[in-house]
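# Sharing a sequence plus its predicted fold:
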Amino acid sequence: MRLHNNDENTMSRYHNAFQQSVEHPETFWAEEAKRIPWYTMPRTILSYDDQHHARWFSDGEMNLCYAALDYHVEQGRGDQAAIFWDSPATQSKQTISYRDMRDRVAHFAGALAQLGIEKGDRVIIYMPMIPEALIAMYACARLGAVHSVVFGGFAPHELAARIEDAEPKVVVAASCGIELGKVLPYKPMIDQAITLSAHKPNACVVYQRAAHQAPLGANDYDWDQLVAGAPFADCVPVKGIDPLYILYTSGTTGKPKGVVRDTGGYAVALAYSMEAIYAMKPGEVFFTASDVGWVVGHSYIVYAPLLLGCTTVVYEGKPVKTPDAGSFWRLIEEYQVTSFFTAPTAFRAMKKEDPDAELLKKYDISSLKHLYVAGERLDPPTFHWLDDLLEVPVIDHWWQTETGWPIAANLPGIEPMLTKAGSATYPVPGFYVQVLNREGDQTEPMEQGSVVIKQPMPPGCLIGVWRDPQRFYSAYMAAFPGYYSTGDGGYFDEQGYLFIMGRTDDVINVAGHRLSTGEIEEVVGAHPAVAECAVIGIHDELKGQLPIGLVIPKDGFTGDETTLEAELIARVREHIGPIACFKQVLVVDRLPKTRSGKILRKLLRTIADGKEFGIPSTIDDPASLADIHTAMRQRSVGASDKATPL
């Protein structure tokens, strides 16, 4: 970590906080833990597990539902809005107070308890952006159960993999999702997923939406009927290191990784971040445009705003087409939003439909103090469009599903910094970020390398991979002993600003959603006509990256290539879901490989993105590059027409 020392006074507040957090982490986080209403204050602040991974507040006792709901009711915030729900999808709005939210959560927790849910049990939640999704999550936390939220757009195959891994006693679902006027029934997908899974949950609770009533079968329960006879459940004390949730993220092997989050460390980190990073105060309104199925939704729609006593906006809609590209501006005005957070792809979609932001002129967004962007790299053109458009700071920050909260950011709650396009500014206190070369040595300024975090990781980060400690070690700890490997490459500049340049593995980022190219390859390669395939992510102005498949048909294939492409696209949509945005397949005769048989995926990406490329010394058949280059140019893939050999 390198700090800009030209103006010591300017940097003092951030510098002091950062230095204390990395030099005296126990002292720093013991103080921050006082933000949370513990049942039993922790005495053991920092300890380590068998893999020498940090564990925080191991002997403290608390309940996250109590800290976020009951505590605020006791402190006099019972009548304050906890949730503003806004749904263009259903033309509905709802305001839920802290007291009402507590009561609805407590009764649903009572319903789950009657179904046999106890501390440590798992519950899968498969719901769209409706208040009941938050109620279900908090109800699990209230009982000390472990929830695993699965994004409602995931296909049955993906849902089945998560059911089989988490082994939930109960699945909680909505009857349908609604997107751009289309109703998507969820129950058939759940039934198919349970059929595919070796593990069979005991029960499925369905919240019936007006747009579609799901038929219920054996072991299915209607949400409203179940809650009507349920008792008011009290909060169950849990240890600081007890798990709160499992959130699955794509891995390079195709099998999703179950990231496990603890309770106490997560609560402390989120409460700290709301003030230090997002500059929020109790009673203010925080709007995160994401989904509860992703880590952003977990952290900054569901838990962090309510831990601080803020109001959270839950939006069932899109940045465009619900009804137009002014939706976010309307929400900011209507709910008097103080800080707003979404992904760059949302603003690229808005810019595409309303390039001069004419719709912004219809709304008064003077309540807004800060705009935050994360989920993928904020490209400089989008940053400058926002920066020129708005009178508030545009803050790019960087974090991961695994960390649960930001690793690097501008920190207006501690000390605002000058921004630089393409940079997430400085590491957040607690994250001792370094950039290492292949030998494990720190790089020089402007020299790219692997971005890592020196142990101990701060509170709030993953405590492991569900039931797979070896995968946790190999995925995050093995590459650089003593460090957590983020899997991203980047560099520090001369002033200590951190620049993240992209993944170092084969996980791609489609509109903020991390998807495994290996997982897509498994689906494509299973087609009976496909002999071999490679899937790469190519640059896309709107979504950041899009996957494209390169396919070698089996010998003797006499079918139509257009039909094959359509079938492969349909297979990916069926097995992974429409969020993969898999829409283009190139049929080729050969793929560039090393002599050992490894497909040169990085080289394929380089060609597709229109960059100059060299012919590696390890390549088995140099002529294969010309074939690929020609195929990409003929189909206008990315900027491949600009790619030339060095």
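Now that the structure is in, tell me what you want to look at.
# CA only for contacts and neighbour counts going forward, please
Fine.
# All the strands of the stretch 251-400 of the chain, residue numbers only.
257-262, 285-288, 311-315, 337-342, 370-373, 394-396 (DSSP state E, counting those that start in this stretch).
# To residue 404, which of these lies closest?
strand 257-262 (8.0 Å; Cα to Cα).
# Given that closest one, what are its sheet partners and their directions?
strand 243-249 (antiparallel), strand 464-465 (antiparallel) (DSSP bridges).
# right, so of those, which gets closest to residue 398?
That would be strand 243-249 among the strands paired with strand 257-262, by Cα to Cα, at 16.6 Å.
# What lies in contact with that closest one?
For strand 243-249, the surrounding residues in contact (Cα atoms under 8 Å, 6 or more residues apart in numbering) are 120, 141, 144-150, 162, 166, 256-263, 294-295, 401, 466, 514.
# got it, and stretch 632-646?
538-540, 586, 606-615, 629.
# Stretch 41-51 now?
So stretch 41-51 is contacted by 26, 29-30, 54-61, 240, 473 (Cα under 8 Å, 6+ apart).
# Can you add pLDDT and neighbour count and give those back as CSV?
Converted to CSV, the contacts of stretch 41-51 look like this (pLDDT from 0 to 100; neighbours: other Cα atoms under 10 Å):
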residue, pLDDT, neighbour count
26, 98, 19
29, 98, 23
30, 98, 19
54, 96, 18
55, 98, 25
56, 98, 30
57, 98, 26
58, 98, 21
59, 97, 17
60, 98, 21
61, 98, 21
240, 98, 29
473, 95, 17
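# got the end-to-end distance for stretch 44-54?
Its first and final residues considered, stretch 44-54 spans 12 Å by Cα to Cα, to the nearest Å.
# From the contacts of stretch 41-51, which land in helices?
26, 29-30 (DSSP state H).
# got a markdown table for these, with distance to residue 573 too?
Output for the ones in helices among the contacts of stretch 41-51, formatted as a markdown table (distance: Cα to Cα, whole Å):
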| residue | distance to residue 573 |
| --- | --- |
| 26 | 47 |
| 29 | 44 |
| 30 | 47 |
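# With respect to residue 409, which of these is nearest?
Set against residue 409, the nearest of these by Cα to Cα is residue 29 (18.8 Å).
# ok, that closest one - contacts?
21, 45, 459 are the contacts of residue 29 under Cα under 8 Å, 6+ apart.
# okay, now the first one: neighbour count?
Taking other Cα atoms under 10 Å as the neighbour definition, residue 21 ends up with a count of 20.
# got a list of what it touches?
Applying Cα under 8 Å, 6+ apart, the residues contacting residue 21 are 28-29, 429-430.
# again with residue 199
Contacts of residue 199 by Cα under 8 Å, 6+ apart are 163-164, 167.
# okay, those in CSV with distance to residue 49 next?
Shown next, in CSV, are the contacts of residue 199 (distance: Cα to Cα, whole Å):
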residue, distance to residue 49
163, 27
164, 26
167, 24
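# rewinding a little: what's the closest of the strands of the stretch 251-400 of the chain to residue 579?
strand 337-342 (17.1 Å).
# before we move on, back to that, out of the strands paired with strand 257-262, which is the most enclosed?
Neighbour counts (mean count of other Cα atoms under 10 Å) averaged over each of these peak at strand 243-249, with a mean of 25.
# ok, back up a step: out of the strands paired with strand 257-262, which gets nearest to residue 16?
Short answer: strand 464-465, nearest of those by Cα to Cα, at 30.3 Å.
# what's the offset of that closest one from the middle of its chain?
Between the centre of strand 464-465 and the centre of its chain there are 16 Å (Cα atoms, centre = their mean, to the nearest Å).
# Over to stretch 605-615?
Put simply, stretch 605-615 sits 29 Å off its chain's centre (Cα atoms, centre = their mean).
# buried set for that stretch?
605-611 (16 or more other Cα atoms under 10 Å).
# Mind checking which of those land in helices?
Per DSSP H, helices hold the following members of the buried residues of stretch 605-615: 605-608.
# and the residues you listed as JSON lines, adding distance to residue 211 and pLDDT?
JSON lines is the format used below for those (distance: Cα to Cα, whole Å; pLDDT from 0 to 100):
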{"residue": "605", "distance to residue 211": "43", "pLDDT": "87"}
{"residue": "606", "distance to residue 211": "46", "pLDDT": "87"}
{"residue": "607", "distance to residue 211": "46", "pLDDT": "88"}
{"residue": "608", "distance to residue 211": "43", "pLDDT": "87"}
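# so after the least confident helix or strand in the chain by mean pLDDT, what's the next helix or strand?
Using mean pLDDT, DSSP states H and E, the weakest-scoring helix or strand in the chain turns out to be strand 513-516, at a mean of 72. Next in sequence after strand 513-516, counting helices and strands by DSSP states H and E, comes helix 517-525.
# From the contact counts, what lies against that next one?
If contacts are counted by 3 or more Cα pairs under 8 Å, 6 or more residues apart in numbering; DSSP states H and E, helix 517-525 sits against strand 530-540, helix 561-575.
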